[in-house]
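Q: Structure for this input, please:
(one chain, ligands or ions: 2)
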Amino acid sequence: MFNAKAYAVASATSPFARTTIARRDPTEHDVQLEILFCGICHSDLHQARSEWSGVPTVYPCVPGHEIVGRVRKVGSAVTRFKPGDLAGVGCMVDSDGTCPECQAGFEQFCASSTFTYNSPDKHLGGVTYGGYSDSVVVDERFVLRVPSNLDLAGTAPLLCAGITTWSPMRRQGVTKDKKVGVVGLGGLGHMGVKFARALGAHVVVFTTSPGKKEDALRLGAHETVVSRDANTMRKHAGSFDFILDTVSADHDVNAYLQLLRRDGNLTLVGAPDKPLPVSSFGLIFGNKSLSGSLIGGIRQTQEMLDFCGQHGITADVEVIPMQKVDEAYERLLKADVKYRFSIEMASLKSE
Ligand code: NAP
Ligand code: ZN
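A: Ligands and ions are numbered 1, 2, ... in the order given. Below you'll find the model as predicted:
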């Protein structure tokens, strides 16, 4: 074992504080990364503050599952990485590899998957610690290749915000000639806009923040709708093939179901704890469907990263030092992020 520097919360109401955590020495299948950047996902905030009743948080909690780093050590059986390579780690660090879900490329649904933080640690006991740290040790199967042409700070958020928006778009066949809505222009939403545009769709952003209209267009949207404006909402009734809902808080999904055309789909990726009321009439008139989507498997995450490499796609980030994480969380709560915070881990070195 060795010591790593990290930032942790001690309880649901504590601010972040510097700490030292144990990481395992790499086993034969492991890759040890020096973390260069880690994105801040709203799921980090939900979990740091124990907002998900179904997944209680174990403290201390070191969040972070949008990791980009440089390989420092590899185990003797590692074949795909060598010291000096760039690599990424997302929301998962292990699974059994043999169950039907793993075989089908859906490791996130493996009954014994290990998430990057707040998940039982099979090696050291306790729970796993995430990317708000200067290093991490991960089984090679869960380490992604990072395209060499991309800005690293903007690449880190692809490991969660990227795959979480890419996966449902691929499943729902987002392509040229489809009309796609993205609800909420935050970390996930802005990646959704970039992907839908790159896949050739007509893209409409629904936002509660009138000040984000210009940015939405710059990021790739063809149209922006301030969702509190009922008149403009009505103009889009019955017209969408697919709507991706990334909202992190309580809101009315029925308003969006009305905007779907026949057989249209609304996929929820936002994860507020409170159940959402859904009108059955909103679904049955038009054979519409409402789905959910959880991140994406490893194979599809690599597909997404390769697509980003080919199309020069990264997240728009505000790079911050680790010491500003509490401030960043407060801004996330005010929907004030443009459009992902990316923590520069060099800021931990001086501590
Ligand atoms: P984020 O950057 O904070 O963005 C969320 C956006 O939702 C905000 O920027 C805001 O956009 C909108 N919003 C916030 N409060 C709202 C409200 N009360 N009513 C309407 N709109 C509101 O968050 P994120 O990191 O993108 O994550 C979004 C959600 O997805 C979180 O719940 C997170 O836990 C979840 N998530 C799920 C998965 C998955 O696998 N399914 C993966 C990652 C994250 P506007 O200002 O444009 O309105
Ligand atoms: Zn996330």
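
Q: Centre of the chain to stretch 293-306, how far?
A: Offset of stretch 293-306 from its chain centre (C-alpha atoms, centre = their mean, to the nearest Å): 11 Å.

Q: And the average pLDDT for it is what?
A: Average pLDDT, stretch 293-306: 98.

Q: How about stretch 186-195?
A: For stretch 186-195, mean pLDDT is 98.

Q: State the number of residues packed around the closest residue to ligand 1 within the chain.
A: Here the chain gets closest to ligand 1 at one residue, residue 186, 1.8 Å apart by C-beta to the nearest ligand atom. To be clear about C-beta, it is placed using only N, CA and C from the backbone, and glycine gets the same treatment. Number of residues near residue 186 (other C-beta atoms under 10 Å) recorded here: 25.

Q: ok, now the one 5 residues further on?
A: The local packing count at residue 191 equals 31, with neighbours defined by other C-beta under 10 Å.

Q: which SS state does it fall under?
A: helix (DSSP: H, G, I helix; E, B strand; the rest coil).

Q: anything in the longest strand along the chain sitting right up against ligand 1?
A: If you go by DSSP state E, the chain has its longest strand at strand 30-40. No. Between strand 30-40 and ligand 1, judged by C-beta under 6 Å from any ligand atom, nothing touches; the nearest distance is 7.7 Å.

Q: could you point out which element follows that strand?
A: Scanning forward in sequence from strand 30-40 by DSSP states H and E, the next helix or strand is helix 42-48.

Q: tell me the average confidence for that next one?
A: Confidence for helix 42-48, expressed as mean pLDDT, is 98.

Q: again with stretch 71-90
A: The pLDDT scores in stretch 71-90 average 98.

Q: start to end distance for that stretch?
A: Start and end residues of stretch 71-90 are separated by 15 Å (C-alpha to C-alpha, to the nearest Å).

Q: So which bits of the stretch 101-250 of the chain are right by ligand 2?
A: With C-beta under 5 Å from the ion as the criterion, the stretch 101-250 of the chain comes near ligand 2 at residues residue 160.

Q: What segments of the stretch 101-250 of the chain are strands?
A: Shown for the stretch 101-250 of the chain, the strands assigned by DSSP state E, counting those that start in this stretch span residues 114-115, 135-139, 144-145, 179-183, 202-207, 223-226, 240-245.

Q: In CSV, list those strands along with mean neighbour count and distance to ligand 1.
A: Converted to CSV, the strands of the stretch 101-250 of the chain look like this (neighbours: other C-beta atoms under 10 Å; distance: least, C-beta to the nearest ligand atom, whole Å):
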stretch, mean neighbour count, distance to ligand 1
strand 114-115, 22, 11
strand 135-139, 24, 19
strand 144-145, 19, 16
strand 179-183, 27, 7
strand 202-207, 25, 3
strand 223-226, 18, 9
strand 240-245, 25, 9
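
Q: Which one of those lies nearest to residue 301?
A: Closest approach to residue 301 among the strands of the stretch 101-250 of the chain (C-beta to C-beta): strand 144-145, 5.8 Å.

Q: I'd say the residue of the chain closest to ligand 1 and residue 246 touch.
A: Yes. Counting by C-beta atoms under 8 Å, residue 186 touches residue 246, with 6.5 Å between them.

Q: So which residues on this structure come close to ligand 1?
A: Near ligand 1, when you scan the chain using C-beta under 6 Å from any ligand atom, you find 41-43, 46, 160-161, 164, 184-189, 207-209, 212, 246-249, 251, 269-272, 293-295, 332, 335, 337.

Q: Write the PyMOL selection for whichever of the residues you listed are buried.
A: Those of these that count as buried under 16 or more other C-beta atoms under 10 Å are selected in PyMOL with:
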select buried, resi 41+42+43+46+160+161+164+184+185+186+187+188+189+207+209+212+246+247+248+251+269+270+271+272+293+295+332+335+337
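
Q: Residue 267 belongs to a helix?
A: No. According to three-state DSSP, residue 267 belongs to no helix; its state is strand.

Q: what's near enough to touch it?
A: Listed by C-beta atoms under 8 Å, 6 or more residues apart in numbering, the contact set of residue 267 reads 168, 171-172, 242-245, 290-293.

Q: so can I have TSV of the strands of the stretch 101-250 of the chain showing distance to residue 25 and mean pLDDT?
A: Formatted as TSV, the strands of the stretch 101-250 of the chain follow (distance: least, C-beta to C-beta, whole Å; pLDDT from 0 to 100):
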stretch	distance to residue 25	mean pLDDT
strand 114-115	18	98
strand 135-139	8	98
strand 144-145	22	98
strand 179-183	43	98
strand 202-207	47	98
strand 223-226	51	97
strand 240-245	41	98
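
Q: Dump those into TSV; add distance to residue 153 as well.
A: Putting the strands of the stretch 101-250 of the chain into TSV (distance: least, C-beta to C-beta, whole Å) gives the following:
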stretch	distance to residue 153
strand 114-115	23
strand 135-139	17
strand 144-145	16
strand 179-183	23
strand 202-207	23
strand 223-226	26
strand 240-245	24
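
Q: Let me know which of these is the nearest to residue 350.
A: Closest to residue 350 of these, according to C-beta to C-beta: strand 135-139, at 16.1 Å.

Q: other SSEs contacting the closest one?
A: strand 17-23, strand 30-40, strand 67-74, strand 92-94 (3 or more C-beta pairs under 8 Å, 6 or more residues apart in numbering; DSSP states H and E).
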